[in-house]
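J.: pasted the sequence and its predicted model underneath.
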Amino acid sequence: MTDKPTYEELEQRVKKLQRQDLYLSDLHDIALELMRRFDLEDLLASIVQRAGELVETQDGFVYLLDSDRDVLELRVGVGRYKDLLGFHLKPGEGLSGRVWQSGEPLVIGDYSRWPGRSTDTRFDDVVTAVGVPLKVESRVVGVIGLNYFSRSKHFGNEELTALTRFAELASIALNNAQLYFKIQQELVERKTAEKALRDSERKLKAIFEATPNPVVVYDKKGHPQYLNPAFSQTFGWTLGDLQARHIPFVPADQEEITARKIKQLYDTQKPQRMETKRLTKSGRTLDILISAACISGPGEEPAGMVVTLTDITERKGLEAQLRHAQKMEAVGTLAGGIAHDFNNLLMGVQGQASLMLMDVDDADPHFDNLQSIERYIKRASELTRQLLGFARGGKYAIEPTDMNQLVKEQSRLFGRTRKEIVIHQNYEQDLWAVQVDQGQMEQVVLNVFINAWQAMPGGGDITIRTENVRLTKDFAKPYVVTPGKFVKISIADTGIGMDEDVRQRIFEPFFSTKGMGRGTGLGLASTYGIIQNHGGFINVESEKDAGTTFQIYLPAFENKVPTIAKTVGEVAEGTGNVLLVDDEAYILDIGRQLIGRFGYKVITADSGEKALEIYEQDPGAIDIVILDMIMPKLDGGKTYDRLKKIDPDVKVLLSSGYSITGKASEILKRGCNGFIQKPFDIRELSSKIKAVI
């Protein structure tokens, strides 16, 4: 059985993608700012703030060189550095002075112990710091840096790399500022300045060319003037395909909001962001995060816009998968709790009916009614079995299984009662074995058959296919399973099919399209839960009036596992002392009466603590403990472990309204003598007690 990633791991993967999206988007936004404005200090402040947000700190600075005095002057400060503007450093003084002097980045892990720290007391509470040089034509003209004032955070290679990228953009900003100053002040150097500006633009273009995110430059009419390679790789079009026409990648349902956002961009000349969808040349739909900024023309009028498109399809898919898994987990937990409590109530009814049946014969006028009660209890327990199948971890006993044989037998039984259905079968030879609860797998196959039959009211065809498959990492990722060897069972029908809204909901508990009185809506929900509990997944393909195909994937296995067999016989009488432990008073009452009828003396305890107290008084006087799994405070597992410490030879029969979950299986592996599922009848209970004793 393969392990699935935990929800915490899924959340970490989503957060990592979100952080990468933010980092790339910030770099692009700053690059766009470089193309359209030259307010140096505002731009540097934006760079420091964005870099700080990326690594989760509010405190950062930019020192610039004052050549006349040969000092660094704090020109830009965010967070605590806002109040320190104008502060000076000499060469080699503090972190920034060292970076200025060496021309190399510097990370200080513990600033309080660093021998080169500033003597100014305003920096005493700095914990860790990082600084990167700002260079123009290989000359250090300043330092950009960030600080942490919390001991729970430290700078590492990832933070240093991110800050270095922002420093490169800040250096370009400084270079641009110097160039424009020269243009204004020294007309005689126009040609040199223009060349340097073109070099700077080439650097910006190089950034766009190298970025993994698609970038488009539009004119005012919306015609693309530039596409970077990432755009062509992602969407399929080249600039030559789109001369003098719009890019045909806006879905119809996104046209209105896109036009509104473009108008807002040109009206306000403020950058705009939006999550939307875009089409590729091949027709595939992608989830996209768009960042757009104006390009200023003569007189500061917008001449066009620059747009960055970030493909967030994978992230959105993971987020949707996580939400679905969390929803199904919550509903599964609820379903398991309902089934547990309902089984306890059924146990009370079953016990009372069993007691009355022991006192009457088949001539009694109530005999048939009592037998009917037992039949209804059995039907009710079958309903809770479906709920437990949907609940997380709700397996009974697993064993090596040939799915070819299991599916063949179920199709044979189903076909005998549904003559209007033609079944076609294609089974792979040497199909890999799977490790499953055979009863639950029979339920899965039957549920899918019934769903197909109900989709073909006038008859039709069912096609069954089994095959060995090896899932790749990319294929397995959306289903949150470990790639590798799987057994695939495909069941296709020629029925009415379903639309996308119905297909998205078919595995939800209590969802049904059949109307009142035609099912509980638990069949496919329990099917989904059973397959999930076995480490597999179900993929459903369907279109309206075009049939439906269920594709069931189960992990293959190589090692055999022990099975837990159920033993049920006739009522078995015996003698001895039974300690019955359950937190429900009516279970204790009916259990005492039932077990007493077998010839045993029954002692009851309504909690794990009470059971330990009774057992410790005279361990040799108790022949068997019937122990409920789910109890407040001290549950069945903890009670069992403490009973074993008192008496290593204690005999314990676990009892629960749940099925054999992983927790119960672990207790059985630790030496517990058996398990009995509520509601149990008088024959099963007496046989279990007799077998354990």
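T.: Perfect, I can see it now.
J.: the stretch 301-450 of the chain: strands as residue ranges?
T.: For the stretch 301-450 of the chain, strands defined by DSSP state E, counting those that start in this stretch occupy the ranges 302-311, 399-401, 421-426, 434-436.
J.: flag every buried residue along the second one.
T.: Which is strand 399-401. By 16 or more other C-beta atoms under 10 Å, the buried positions in strand 399-401 come out as 399, 401. For the C-beta atoms, the positions are set from N, CA and C on the backbone; glycine is no exception.
J.: in its sheet, what does it sit against?
T.: strand 434-436 (antiparallel) (DSSP bridges).
J.: tell me the mean pLDDT for the partner strand?
T.: If you average the pLDDT over strand 434-436, you get 87.
J.: same check, this time on stretch 576-594
T.: On average, stretch 576-594 scores 85.
J.: how about stretch 304-322?
T.: Rounded mean pLDDT across stretch 304-322 is 81.
J.: now the strands of the stretch 301-450 of the chain in CSV, with distance to residue 145?
T.: Formatted as CSV, the strands of the stretch 301-450 of the chain follow (distance: least, C-beta to C-beta, whole Å):
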stretch, distance to residue 145
strand 302-311, 27
strand 399-401, 62
strand 421-426, 67
strand 434-436, 57
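J.: can you tell which of these is closest to residue 671?
T.: strand 399-401 (21.1 Å; C-beta to C-beta).
J.: for residue 346, which non-adjacent residue is closest in space?
T.: residue 679 (4.0 Å; C-beta to C-beta, 6 or more residues apart in numbering).
J.: what about the strands of the stretch 301-450 of the chain, which gets the closest to residue 591?
T.: That would be strand 399-401 among the strands of the stretch 301-450 of the chain, by C-beta to C-beta, at 30.2 Å.
J.: what's the mean pLDDT across the closest one?
T.: On average, strand 399-401 scores 83.
J.: so for whatever helix or strand residue 261 lives in, what gets flagged as buried?
T.: Element membership for residue 261 (DSSP states H and E) is helix 255-268. Buried positions in helix 255-268, judged by neighbour count with 16+ other C-beta under 10 Å: 261, 262, 265.
J.: ok, these vs residue 608, which is closest?
T.: Nearest to residue 608 among these is residue 261, at 62.2 Å by C-beta to C-beta.
J.: and the end-to-end length of stretch 573-584?
T.: This stretch, stretch 573-584, spans 25 Å end to end (C-alpha to C-alpha, to the nearest Å).
J.: report the distance from it to the chain centre.
T.: Going by C-alpha atoms, centre = their mean, to the nearest Å, the spacing between the C-alpha centre of stretch 573-584 and its chain's C-alpha centre is 44 Å.
J.: circling back: now the angle between strand 302-311 and the helix holding residue 261, please.
T.: 130 degrees (axes from the mean of the first three to the mean of the last three C-alpha atoms, to 10 degrees).
J.: next SSE after helix 255-268?
T.: Following helix 255-268 toward the C-terminus (DSSP H and E): strand 272-279.
J.: let me see the mean pLDDT of that next one.
T.: 90.
J.: now stretch 151-165
T.: 78.
J.: now do stretch 446-461
T.: 87.
J.: with just CA atoms, put that stretch into CSV.
T.: Extracted C-alpha coordinates of stretch 446-461, given in CSV (Å, rounded to 0.1, in the frame of the first residue of the first chain):
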residue,chain,number,x,y,z
LEU,A,446,-21.9,-3.5,-8.1
ASN,A,447,-22.5,0.2,-7.5
VAL,A,448,-21.0,1.2,-10.8
PHE,A,449,-23.0,-1.5,-12.6
ILE,A,450,-26.2,-0.2,-11.0
ASN,A,451,-25.3,3.3,-11.9
ALA,A,452,-24.8,2.2,-15.6
TRP,A,453,-28.1,0.2,-15.6
GLN,A,454,-30.0,3.2,-14.3
ALA,A,455,-28.5,5.4,-17.0
MET,A,456,-29.8,2.9,-19.7
PRO,A,457,-33.5,2.6,-18.9
GLY,A,458,-34.2,1.0,-22.3
GLY,A,459,-31.2,-1.3,-22.2
GLY,A,460,-27.7,-0.9,-23.6
ASP,A,461,-24.1,-2.1,-23.4
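J.: buried ones in it?
T.: For stretch 446-461, by 16+ other C-beta under 10 Å, it's 446, 447, 448, 449, 451, 452, 453, 454, 455, 456, 460.
J.: shaky segments in the stretch 51-200 of the chain?
T.: 173-174, 176-194, 196-197, 200 (pLDDT under 70).
J.: quick one: the helices in it?
T.: Counting by DSSP state H, counting those that start in this stretch, the stretch 51-200 of the chain has helices at residues 94-102, 157-185, 190-210.
J.: now do the first one: which elements does it pack against?
T.: Helices and strands touching helix 94-102, as assessed by 3 or more C-beta pairs under 8 Å, 6 or more residues apart in numbering; DSSP states H and E, comprise strand 59-66, strand 71-78, strand 88-89, strand 106-108, strand 128-136, strand 139-148.
J.: check contacts around the residue nearest to residue 346.
T.: 343, 346, 347, 349, 350, 377, 381 (C-beta atoms under 8 Å, 6 or more residues apart in numbering).
J.: swap in 6 Å and give it another go.
T.: By C-beta atoms under 6 Å, 6 or more residues apart in numbering, residue 679 lies in contact with 343, 346, 347, 350, 381.
J.: filter the residues you listed down to the ones in helices?
T.: Applying DSSP state H to those, the entries found in helices are 343, 346, 347, 350, 381.
J.: from those residues, which shows the smallest pLDDT?
T.: Where pLDDT dips furthest among these: residue 381, at 67.
J.: coming back round to it: rebuild the contacts of residue 679 as JSON lines, extending it with distance to residue 437 and neighbour count.
T.: Formatted as JSON lines, the contacts of residue 679 follow (distance: C-beta to C-beta, whole Å; neighbours: other C-beta atoms under 10 Å):
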{"residue": "343", "distance to residue 437": "17", "neighbour count": "24"}
{"residue": "346", "distance to residue 437": "21", "neighbour count": "21"}
{"residue": "347", "distance to residue 437": "22", "neighbour count": "26"}
{"residue": "350", "distance to residue 437": "23", "neighbour count": "25"}
{"residue": "381", "distance to residue 437": "16", "neighbour count": "20"}
